[in-house]
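Asker: below are the sequence and a predicted model for it; my questions follow.
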Amino acid sequence: MTKYIFVVGGVMSGVGKGTVTASLGTVLQGKGFRVTAMKIDPYVNVDAGTMNPIEHGEVFVTDDGDETDQDIGSYERFLGQSLGKVNYMTTGRVYQTVIARERNLEYEGRCVEVVPHIPEEVIRRIDACAATRDAEIVLIEVGGTVGEYQNVLFLEAARLLKLERPKDVVVMLVSYLPVPGHIGEMKTKPTQHATHLLQAAGIQPDFIVARGERELDAPRRRKLSMFCNVGPDDVIAAPDVASTYEVPINFDREGVGDRVLRKLGLRPRQRDLSAWKGLLDRIATATDEVHIAVAGKYFSTGNFVLSDVYLSVIEAIRHAAWAEGKKPVLTWLNTEVYEQDATALAELDAFDGVIIPGGFGSRGVDGKIRAIQYLREHRIPYLGLCYGMQLACVEFARNVLQLRGAHTTEIDADTKYPVIAPMTDQIAKLKAAAFGGTMRLGAYACRVQRKTIAASAYAGTPVVQRSYANGDLVIAERHRHRYEFNNAFRKQFVAGGLVIAGVHPERDLVEIIELPKTVHPFFVGVQYHPELISRPLQPHPLFVAFIRAAGARTTS
Ligand code: GLN
């Protein structure tokens, strides 16, 4: 019998429901249970792929090509599991299925109603996820906050499931306790109101996770217990932490895992968070700084970068740095500055390595190309991810091959030298404005060329799916793009000194480019997103190689 843990949010969004869900999953895994996690996004969007990252944060991509919320990425990193379509649902998806079923007469002439048919479909999806992932416990994070119209039907699903199987369902309210500056005291009232909203939806929370800048004290714990109708021990303090990876250990220390299991009628089978403790030790002892810059584009107001947009990139840098005993120091670069003032490029000298991550559209692109030229000419370690790889090719075409005006057709449709151009199957999709879920998405094979930087990075690494073809290493990496390296220029690039270090065998698509070590210590671009499969306990080999090269620059 599957057990269900619903995680819902109170007071406001952004209080860390995703981290709570992922961390609780880690704790329960440590107690010997098979766990999986799901995210419910209450948007009508069918997937996260059509949402602007400024509004929604990073679009995470799974092996099976789903474009999801970034929380799926957190679950993968914390649970050490690859998730997929079954782990993610949106309002759009749920309605799509119900309507399609109605069109097929599957409701056998009955009137199809919002309740119960929508919550029933939600529950069906939760059960399908548990079955596919062979999970004994499924954690379900409901996006948004209680009291908003959008997630009512998902709460209704939780209520119905709890009504039917009271011993198998736990509901956890993650709520925020503000400390207003002029009072200097932690206030419980907003959480009381959030709880009442949940109760009005027919759900009594089993646990309240009290998020806040500070630790919850005894008087406030009593207050929350009394007014929210939960036992004092079931109010869980979750103060801000320096690293989210501390949360599983903190939860375990508070006995959260055991209490949740008890409510579900289960007993811990083991206690083992040693791998996780090892990670925290590594983080604590990594003091030798490595300075990495990321050239982003998604700034909110002024200079504040929405770091959520680059969440997996940031995490991948951290994982690799910690594994190498380094303390990562990250800086955001706004490449638009280089378009006005070329002397500003000299700031790049201060970094041990620079990453240009994925992106779309023209803003900041010229600045990025200038930055890449500077990094190439000054032998500063460079890792280009997707767009960062494509623009490295544009830079090489312009400045090494002297193809003046070379570009990606995403920006300049009429360029004389379209070194990056749409994949053949993308042309029709772009013409038809069929944008949703139509990019090259998910895991695809890449055959790695021997004796390259990539080949030595990937050798002997556990995280990447790997196999061999005629002795060559074949890896699988996740993609999200419409444009690709234009093979019409391949010979010219190779003759000019660019190494094609990885190719997708079936369609002969260029996946990895690099410069030989004799020319540059580390200049690598990949058409895929290695950051998506980096995990704290299994850092991504390319990021590790990049951090090593960056570390060598520090010490040289
Ligand atoms: N805009 C580029 C493309 O569509 C790169 C995409 C990306 O960086 N994810 O191919």
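Answerer: That came through, no problem.

Asker: contacts, neighbours, all on C-alpha from now
Answerer: OK.

Asker: what's the weakest-modelled helix or strand in the protein?
Answerer: helix 53-56 (a mean of 76; mean pLDDT, DSSP states H and E).

Asker: pull out the buried positions in stretch 318-337.
Answerer: By 16 or more other C-alpha atoms under 10 Å, the buried positions in stretch 318-337 come out as 318-328, 330, 332-337.

Asker: and these, which of them are in strands?
Answerer: Counting by DSSP state E, the buried residues of stretch 318-337 place K326, K327, P328, L330, W332, L333, N334 in strands.

Asker: the nearest residue to E156 once chain neighbours are set aside: neighbouring residues, count only.
Answerer: Nearest residue to E156, sequence neighbours excluded (C-alpha to C-alpha, 6 or more residues apart in numbering): P119, at 6.3 Å. When counting by other C-alpha atoms under 10 Å, one arrives at 22 neighbours for P119.

Asker: quick one: pLDDT of P119?
Answerer: pLDDT, P119: 96.

Asker: where does it fall, secondary structure wise?
Answerer: Using DSSP states H and E, P119 sits in helix 114-132.

Asker: what residues of that helix count as buried?
Answerer: Residues of helix 114-132 classed as buried: H117, I118, P119, E120, E121, V122, I123, R125, I126, D127, C129, A130 (neighbour count, 16+ other C-alpha under 10 Å).

Asker: for G353, give me its contacts.
Answerer: H291, I292, A293, I380, P381, Y382, L383, F546, I547, A549, A550 (C-alpha atoms under 8 Å, 6 or more residues apart in numbering).

Asker: in helices, which of those residues appear?
Answerer: Among the contacts of G353, the members found in helices (DSSP state H) are F546, I547, A549, A550.

Asker: mind checking pLDDT for the residue nearest to R282 when sequence neighbours are not counted?
Answerer: Closest residue to R282 in three dimensions, ignoring its sequence neighbours and counting by C-alpha to C-alpha, 6+ apart: W322, at 6.1 Å. The model reports W322 with a pLDDT of 95.

Asker: list the contacts of W322.
Answerer: If you count contacts by C-alpha under 8 Å, 6+ apart, W322 has them with R282, I283, A286, P328.

Asker: helix, strand, or coil at F6?
Answerer: Look at F6: counting by DSSP: H, G, I helix; E, B strand; the rest coil, its state is strand.

Asker: that one bridge partners, please.
Answerer: I140, V171 (DSSP bridges).

Asker: count the neighbours of T195 for me.
Answerer: 28.

Asker: should've said S243
Answerer: Using other C-alpha under 10 Å: S243 sits among 9 other residues.

Asker: any idea how far it is from I283?
Answerer: 9 Å (C-alpha to C-alpha, to the nearest Å).

Asker: one more: S307?
Answerer: Distance from S307 to I283, by C-alpha to C-alpha: 20 Å.

Asker: which of the two has more residues huddled nearby?
Answerer: More crowded of S307 and I283, by other C-alpha under 10 Å: I283, with 21 against 18.

Asker: remind me which helix or strand that one belongs to.
Answerer: Here I283, judged by DSSP H and E, is contained in helix 274-285.

Asker: so what does that helix touch, helix or strand wise?
Answerer: helix 311-323 (3 or more C-alpha pairs under 8 Å, 6 or more residues apart in numbering; DSSP states H and E).

Asker: do that again at 6 Å, thanks
Answerer: Using 3 or more C-alpha pairs under 6 Å, 6 or more residues apart in numbering; DSSP states H and E as the contact definition, helix 274-285 packs against no other helix or strand.

Asker: distance from that helix to the middle of the chain?
Answerer: 21 Å (C-alpha atoms, centre = their mean, to the nearest Å).

Asker: again, but for stretch 56-63
Answerer: 5 Å.

Asker: that stretch: which residues count as buried?
Answerer: For stretch 56-63, by 16+ other C-alpha under 10 Å, it's G57, E58, V59, F60, V61, T62, D63.

Asker: so what's D41 closest to, chain neighbours aside?
Answerer: Per C-alpha to C-alpha, 6+ apart, closest to D41 is T90, 4.6 Å.

Asker: that neighbour: neighbouring residues, count only.
Answerer: Quick note: T90 (other C-alpha under 10 Å) scores 23 neighbours.

Asker: just the pLDDT for it.
Answerer: 96.

Asker: who's in contact with it?
Answerer: I40, D41, P42, Y43 (C-alpha atoms under 6 Å, 6 or more residues apart in numbering).

Asker: for it, grab phi and psi.
Answerer: phi -130, psi 160 (degrees, to the nearest 10).

Asker: please identify the residues of the protein in proximity to the ligand?
Answerer: Where the chain comes near the ligand, counting by C-alpha under 6 Å from any ligand atom, the residues are G358, G359, F360, C386, Y387, R480, H481, R482, Y483.

Asker: list only those of those flagged as buried.
Answerer: Buried, going by 16+ other C-alpha under 10 Å: G358, G359, C386, Y387, R480, H481, R482, Y483, out of these.

Asker: how about these in CSV, adding secondary structure?
Answerer: Formatted as CSV, these follow (three-state DSSP):
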residue, secondary structure
G358, coil
G359, coil
C386, coil
Y387, helix
R480, strand
H481, strand
R482, coil
Y483, strand
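
Asker: what about the residue in the stretch 51-200 of the chain positioned nearest to the ligand, distance to V86?
Answerer: Closest contact between the stretch 51-200 of the chain and the ligand, by C-alpha to the nearest ligand atom, is at V59 (9.5 Å). The gap separating V59 from V86 is 16 Å, by C-alpha to C-alpha.

Asker: can you give me the helices in the stretch 101-250 of the chain?
Answerer: Here the stretch 101-250 of the chain has its helices, by DSSP state H, counting those that start in this stretch, at 114-132, 152-164, 189-200, 218-228, 247-253.

Asker: redo those as JSON lines? Include distance to P541.
Answerer: Shown next, in JSON lines, are the helices of the stretch 101-250 of the chain (distance: least, C-alpha to C-alpha, whole Å):
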{"stretch": "helix 114-132", "distance to P541": "29"}
{"stretch": "helix 152-164", "distance to P541": "39"}
{"stretch": "helix 189-200", "distance to P541": "43"}
{"stretch": "helix 218-228", "distance to P541": "45"}
{"stretch": "helix 247-253", "distance to P541": "25"}
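
Asker: ok, which of these comes nearest G437?
Answerer: Closest approach to G437 among those is made by helix 114-132 (19.9 Å; C-alpha to C-alpha).

Asker: angle of the closest one against helix 152-164?
Answerer: Orientation check (axes from the mean of the first three to the mean of the last three C-alpha atoms, to 10 degrees): helix 114-132 against helix 152-164 gives 70 degrees.

Asker: now helix 114-132: how far from the chain's centre is it?
Answerer: The answer for helix 114-132 is 24 Å, by C-alpha atoms, centre = their mean.

Asker: likewise for stretch 546-556?
Answerer: 26 Å.

Asker: what of stretch 530-550?
Answerer: Centre-to-centre, stretch 530-550 and its host chain are 15 Å apart (C-alpha atoms, centre = their mean).

Asker: with only the CA atoms kept, save that stretch in PDB.
Answerer: Output in PDB follows, covering the C-alpha atoms of stretch 530-550 (Å, rounded to 0.1, in the frame of the first residue of the first chain):
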ATOM      1  CA  PRO A 530      25.400  18.700 -18.100                       C
ATOM      2  CA  GLU A 531      24.300  20.800 -15.100                       C
ATOM      3  CA  LEU A 532      20.900  19.000 -15.100                       C
ATOM      4  CA  ILE A 533      22.400  15.700 -14.000                       C
ATOM      5  CA  SER A 534      25.000  16.900 -11.500                       C
ATOM      6  CA  ARG A 535      24.300  15.800  -8.000                       C
ATOM      7  CA  PRO A 536      25.800  16.700  -4.700                       C
ATOM      8  CA  LEU A 537      27.000  13.100  -4.100                       C
ATOM      9  CA  GLN A 538      27.900  12.600  -7.800                       C
ATOM     10  CA  PRO A 539      29.200  15.800  -9.300                       C
ATOM     11  CA  HIS A 540      29.200  16.100 -13.100                       C
ATOM     12  CA  PRO A 541      32.600  15.100 -14.600                       C
ATOM     13  CA  LEU A 542      32.700  18.100 -17.000                       C
ATOM     14  CA  PHE A 543      32.200  20.500 -14.200                       C
ATOM     15  CA  VAL A 544      34.800  18.700 -12.200                       C
ATOM     16  CA  ALA A 545      37.300  19.000 -15.100                       C
ATOM     17  CA  PHE A 546      36.400  22.700 -15.400                       C
ATOM     18  CA  ILE A 547      36.900  23.300 -11.700                       C
ATOM     19  CA  ARG A 548      40.300  21.500 -11.900                       C
ATOM     20  CA  ALA A 549      41.400  23.700 -14.700                       C
ATOM     21  CA  ALA A 550      40.100  26.800 -12.800                       C
END
